[in-house]
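Engineer: Need a 3D model of the following:
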Amino acid sequence: MTAHQTPEPPTESRPPAVPDVLAPARLGPLELRNRVIKAATYEGLSHRSLVTKDLVDFHAGYARGGVGMTTVAYCAVAKEGRTDRHQIYWTDEAMPGLRVLTEAVHAEGAAVAAQIGHAGPVANPKGNGAPALSPSRHFHATTVSVAQEASLDDIRRVTEAHAEAARRAVEAGFDAVEVHLGHNYLASSFLSPRVNRRTDAYGGSLANRARLAREIMRAVYDAVGGRIAVIAKMNMDDGVPGGFWLDEAIPVVQWLERDGTVDALEMTAGSSLLNPMYLFKGDAPLREFAAVMPQPMKLGVKLVGSRFLHSYPYRDAFLLEDARQIRAAVKLPMILLGGITGKPVMDRAMSEGFEFVAMARALLREPDLVNRLREDATTPSLCIHCNKCMPTNFTGTRCVLVDRATTRRETWGTPDGYVA
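Structural biologist: Numbers count the residues shown, from 1 in each chain. The predicted structure follows:
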C-alpha cells in the first residue's frame, strides 16, 4: 500500500438474504414457480386403482390456485402396500390416467409430485387380498389383523418396486417423487425400535434399522437418474413411547445427505399405526370418523376411539421446534410441514433456513390461498383446524365447511368417471 492510499474498511459478514416464499426456486433439477407445496393428503378420489376425473380436478384446482407443486398421495409401489383397496399403484392400466393428471397440473403452471411408498403394517390386508408386511409380526388394531414379518426376499422385492415406481413416475410426467419414510409405513416401521424387533441386518442398531430406508432412497435416486426431484418424507418422532425419535432421526438424515440420494427433506411426525393424530394437532373428530366407518370399526371408534385418536393443542408451525434441529444438522434443502397457514408463518420458515413450505389443511379450505396471498400478504387463512377433513378421505377429501364438486361422482364405475 502506498502512502496516499486509504485503507479499506474491514468487510462485515452479512446474513444471507431471506428468500421470498412466493418467488421461483430450484428443487434438485426442478424449477418451481414458488416455494409453496401442496402437501400429500390422501384424496380418496381414486377408484379401482385408477385415476378419476375427480382426482384430476382436485390437483388441477391447487395448481390453478397458485401452488408451486402439488403432491399426489398416495401411490403404492405394490398391491399389498395400499391402505385402501382403491388406491393407485403403478400398473399399466393406471399410467394413462396419471399422464392426464400431470398434464392437467402442468397446464395450470404448477409442478406435480407423486408420493410413493409401501404402507407395510399400516396396509389393509383384507382390501388388498394379501398379508400386510412389517419388520416383525405386529397386530394392527384398526384392521384387526396381524402383519407378517417381511422376509429378505420381500425386502429386495419392495426396494426394487420403489425403483420401478420412480421410473414410472418419470414416464407419467411427474416432476418429483416424494418417498414415504414416515408414519410407521414400511420404511418407517423398520426405523422404529418399538415395531422392529428383528435380529438380522435390518434390526437392532440404528444403522441396521435405517438400512431399508437408505436402500430404498438409493434405488429411487438411481432409477430417476437426475431427471426429476427426489424428496424424502421422514419421521422425527413417532409420538409413542419406545418409538423412533429426534435423537435417532438426526443421524439418519445425515446418512441420507452423505449418501447423496435426496434433493430435499420433508420432516413429519406421528404413527398411522399407533398414534395418527400426533401429526395433525387439534381435536380428534371421533364422531365423524365413526359415521363413515363400517362395522365393527364404527363401534370400536365409539367405544375406545379416544384411546387411539388423541387430541393435541394446535399452534402454527407446530413441527418447527423439532425440524430446526434437523435444519442445523444438514445442509440439504428442507420443506417445513405442519401448521403452515399464511404469509407470516411462511416468512418465519424462510428466515429460519427452510427452503420450502408444505400446506395441507389450509389449502383444503382454500385452494386459491396462494394466489390471494400474492395479491395481499395479510390474507388470513380460514382454516379452523377442526380436523373434520380427515374422515372425508373415505368419501373424497375436502373441507367440510365448503361445498365443492371434488367428491365421489355417480359416474364412478362407468367410463365417464375415469380419464385415459
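Engineer: which SS state does Val301 fall under?
Structural biologist: helix (DSSP: H, G, I helix; E, B strand; the rest coil).
Engineer: Look up how far Gly65 lies from it.
Structural biologist: According to Cβ to Cβ, to the nearest Å, Val301 stands 33 Å off from Gly65. (C-beta placed from N, C-alpha, C; glycine too.)
Engineer: More neighbours: which of these two?
Structural biologist: Val301 (23 against 20; other Cβ atoms under 10 Å).
Engineer: per-residue pLDDT, that one?
Structural biologist: For Val301, the pLDDT comes out at 70.
Engineer: Repeat that for Ala17.
Structural biologist: On the pLDDT scale, Ala17 is placed at 87.
Engineer: can you check the one 4 residues further on too?
Structural biologist: On the pLDDT scale, Val21 is placed at 98.
Engineer: and Arg48, how many neighbours does it have?
Structural biologist: Arg48 has 14 neighbours, counted by other Cβ under 10 Å.
Engineer: Thought Asp84 was touching it, still the case?
Structural biologist: No - using Cβ atoms under 8 Å, Arg48 is not in contact with Asp84; the gap is 11.4 Å.
Engineer: For the stretch 51-200 of the chain, which segments are assigned as helices?
Structural biologist: Assigned helices in the stretch 51-200 of the chain, in chain order: 53-64, 95-107, 125-128, 152-171, 186-191 (criterion: DSSP state H, counting those that start in this stretch).
Engineer: So which elements touch the last one?
Structural biologist: Meaning helix 186-191. strand 133-134, strand 176-181, helix 211-224, strand 229-237 (3 or more Cβ pairs under 8 Å, 6 or more residues apart in numbering; DSSP states H and E).
Engineer: ok now the helix or strand following it, how far from the chain's centre?
Structural biologist: Later in the chain than helix 186-191, the nearest helix or strand by DSSP states H and E is helix 206-209. From the chain centre to the centre of helix 206-209 is a distance of 23 Å (Cα atoms, centre = their mean, to the nearest Å).
Engineer: Could you pull up the mean pLDDT of helix 206-209?
Structural biologist: 98.
Engineer: Contacts for that helix, please.
Structural biologist: Contact partners of helix 206-209, identified using Cβ atoms under 8 Å, 6 or more residues apart in numbering, comprise 135, 190-193, 196, 198, 200-203, 248, 251-252.
Engineer: do stretch 218-227 as well
Structural biologist: Stretch 218-227 is touched from outside by 28-29, 116, 159-160, 162-167, 169-170, 177, 179, 230, 259-262, with contacts defined as Cβ under 8 Å, 6+ apart.
Engineer: Could you tell me which of those count as buried?
Structural biologist: Neighbour-count burial (16 or more other Cβ atoms under 10 Å) is assigned, among these, to 28, 116, 159-160, 162-167, 169-170, 177, 179, 230, 261-262.
Engineer: Give me the buried positions along the strand or helix carrying Arg287.
Structural biologist: Applying DSSP H and E as the criterion places Arg287 in helix 286-292. The neighbour-count check on helix 286-292 (16+ other Cβ under 10 Å) flags 286, 288-290 as buried.
Engineer: TSV for the residues you listed, including distance to Arg365 and pLDDT?
Structural biologist: Converted to TSV, the buried residues of helix 286-292 look like this (distance: Cβ to Cβ, whole Å; pLDDT from 0 to 100):
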residue	distance to Arg365	pLDDT
Leu286	21	85
Glu288	16	86
Phe289	19	82
Ala290	23	81
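Engineer: Take these and lay them out in JSON lines including distance to Ala219.
Structural biologist: As requested, the buried residues of helix 286-292 are exported to JSON lines (distance: Cβ to Cβ, whole Å):
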{"residue": "Leu286", "distance to Ala219": "40"}
{"residue": "Glu288", "distance to Ala219": "39"}
{"residue": "Phe289", "distance to Ala219": "36"}
{"residue": "Ala290", "distance to Ala219": "40"}
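Engineer: Please identify which of the contacts of helix 206-209 is nearest to Asn184.
Structural biologist: Ser192 (6.1 Å; Cβ to Cβ).
Engineer: tally of neighbours for Ala358?
Structural biologist: Neighbour number of Ala358 under other Cβ under 10 Å is 26.
Engineer: what do you get for Gly225?
Structural biologist: With other Cβ under 10 Å as criterion, Gly225 counts 11.
Engineer: Can you check the pLDDT for it?
Structural biologist: Note on Gly225: pLDDT of 96.
Engineer: Tell me, please, the helix or strand in this structure that averages the lowest pLDDT.
Structural biologist: Using mean pLDDT, DSSP states H and E, helix 297-308 stands out as the lowest-scoring helix or strand of the chain, at a mean of 70.
Engineer: Summarise which helices and strands the following helix or strand past that helix is packed against.
Structural biologist: Per DSSP H and E, the first helix or strand lying C-terminal to helix 297-308 is helix 320-329. Contact here means 3+ Cβ pairs under 8 Å, 6+ apart; on that basis helix 320-329 packs against strand 229-237, helix 246-259, strand 264-269, strand 334-337.
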